[in-house]
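Engineer: my questions concern the predicted model and sequence given below.
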Amino acid sequence: MYHVKEAFYTLQGEGGQAGRASVFCRFTGCNLWSGREQDRATAACTFCDTDFVGTDGQNGGRFASAEALAEHLTALWPDQDGVATPYVVFTGGEPLLQLDEPLIRAMHARGFEVAVETNGTLPAPAGIDWLCVSPKGASELAITAGDELKLVYPQADAPPARFAGLDFDHFFLQPMDTAPLGEPGARMADTVAYCLAHPQWRLSLQTHKIAGID
Ligand SMILES: C[S@@+](CC[C@H](N)C(=O)[O-])C[C@H]1O[C@@H](n2cnc3c(N)ncnc32)[C@H](O)[C@@H]1O
Ligand SMILES: Nc1nc2[nH]cc(C(=O)O)c2c(=O)[nH]1
Ligand code: SF4
Ligand SMILES: [Mg+2]
């Protein structure tokens with residue numbers, strides 16, 4: 001059984017695929033935070049900007065099979081002329097608690113490229129076309145290779161230098177949005193300064209927030 005908080009059609013806001021039309025599937029649950037505000041300060045990941053509790057969001061629900069969830073997600077993709085390759089982003093919560101090879105195969109069978117946004121602490125199933133790892137604090141990585149490493153910055157216990165030698169094609173720093181912590185704004189100036197001083201790293205902005213979309 002797959003538990004999905006919400007699913008929606010939008011533009012990928014972040015990283016190397018920013019701007020690309022995408023079906024997002026946000027799985028319920030995470031291994032680094034319960035999702036309850038009273039647990040945030042003591043969680044392994046403390047700055048999360050996302051509600052991933054329950055199955056009550058738009059197009060959310062429980063799906064008994066990979067085929068059923070794949071059909072549900074395919075219905076959100078509007079393109080019927082075959083010009084653009086359909087693209088699905090599995091996120092959460094932590095998608096690698098639930099994403100498996102049958103679901104990836106079911107999306108491939110429907111013509112989709114499959115992307116994943118993960119905290120990198122759990123092993124990934126085979127077949128992912130675009131793997132984004134976003135390390136969290138002191139949490140140990142189970143995945144040390146992929147398409148992009150996208151580090152939220154700054155994190156006192158996760159300096160960029162710890163990840164700079166890993167086997168990724170792209171390295172992004174994304175300014176921490178501090179609104180979840182009760183502070184307005186983002187850590188923009190610090191992040192820009194780090195990229196200027198360390199050109200291996202590129203700036204990733206959360207462009208969906210700028211655009212005012214999901
Ligand atoms: C909500 S997470 C879900 C996927 C996975 N659990 C992860 O952490 O990568 C999606 C993306 O949002 C980023 N993110 C979460 N909270 C953020 C914040 N306050 N500011 C900037 N990026 C944030 C994460 O680092 C991750 O790249
Ligand atoms: N538009 C949009 N782009 C995103 N890229 C990563 C997101 C996520 O929450 O995983 C996200 C999201 O929530 N919305
Ligand atoms: S690991 Fe990802 S989903 Fe989990 S609490 Fe952190 S940012 Fe949120
Ligand atoms: Mg998000």
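Structural biologist: Looks like it arrived, so ask away. Predicted model only: the values in this text are computed from it and were never measured. Numbers count the residues shown, from 1 in each chain. Ligands and ions are numbered 1, 2, ... in the order given.

Engineer: distance of the residue nearest to residue 174 when sequence neighbours are not counted from ligand 2?
Structural biologist: Among residues not flanking residue 174 along the chain, residue 204 sits closest, at 4.2 Å (Cβ to Cβ, 6 or more residues apart in numbering). Heads up, the C-betas are built off the backbone N, CA and C, glycines and all. Going from residue 204 to ligand 2 by Cβ to the nearest ligand atom, to the nearest Å gives 9 Å.

Engineer: got the contact list for residue 204?
Structural biologist: Contacts for residue 204 (Cβ atoms under 8 Å, 6 or more residues apart in numbering) come out as 14-15, 18, 150, 172-174.

Engineer: pull the most distant pair out of the residues you listed.
Structural biologist: Farthest-apart pair in the contacts of residue 204 is 18 and 173; separation 13.8 Å (Cβ to Cβ).

Engineer: ok, those two, which is more surrounded?
Structural biologist: Neighbour totals were compared for residue 18 and residue 173, and residue 173 leads with 24 against 15 (other Cβ atoms under 10 Å).

Engineer: surely the more buried one and residue 203 touch.
Structural biologist: Yes. Using Cβ atoms under 8 Å, residue 173 is in contact with residue 203, at 6.3 Å.

Engineer: need the residues touching each of these two.
Structural biologist: 191, 195.

Engineer: tally of neighbours for the residue nearest to residue 185 when sequence neighbours are not counted?
Structural biologist: Leaving aside its chain neighbours, residue 185 sits nearest to residue 178 (6.1 Å; criterion: Cβ to Cβ, 6+ apart). A total of 14 residues lie near residue 178 under the criterion other Cβ under 10 Å.

Engineer: quick one: contacts for residue 178?
Structural biologist: Per Cβ under 8 Å, 6+ apart, neighbours of residue 178: 47, 184-187.

Engineer: PyMOL command to pick out the buried ones of the residues you listed?
Structural biologist: The following PyMOL line selects those of the contacts of residue 178 that are buried, judged by 16 or more other Cβ atoms under 10 Å:
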select buried, resi 47+186+187
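
Engineer: among the contacts of residue 178, name the ones in strands.
Structural biologist: Among the contacts of residue 178, no member is found in strands (DSSP state E).

Engineer: among the contacts of residue 178, which pair sits farthest apart?
Structural biologist: Longest span within the contacts of residue 178, Cβ to Cβ: 47 and 184, 14.1 Å.

Engineer: where exactly do the strands run in this protein?
Structural biologist: Counting by DSSP E, the strands of the chain are 2-11, 21-27, 61-63, 87-91, 113-118, 130-133, 145-153, 167-175, 202-203.

Engineer: tell me what the longest one is packed against?
Structural biologist: To tie it back to what came earlier, the one meant is strand 2-11. Helices and strands touching strand 2-11, by 3 or more Cβ pairs under 8 Å, 6 or more residues apart in numbering; DSSP states H and E, are strand 21-27, strand 61-63, helix 66-74, helix 207-211.

Engineer: hmm, 10 Å instead?
Structural biologist: strand 21-27, strand 61-63, helix 66-74, strand 87-91, helix 207-211 (3 or more Cβ pairs under 10 Å, 6 or more residues apart in numbering; DSSP states H and E).

Engineer: and what of the last one?
Structural biologist: Counting contacts by 3+ Cβ pairs under 10 Å, 6+ apart, strand 202-203 packs against strand 145-153, strand 167-175, helix 188-197.
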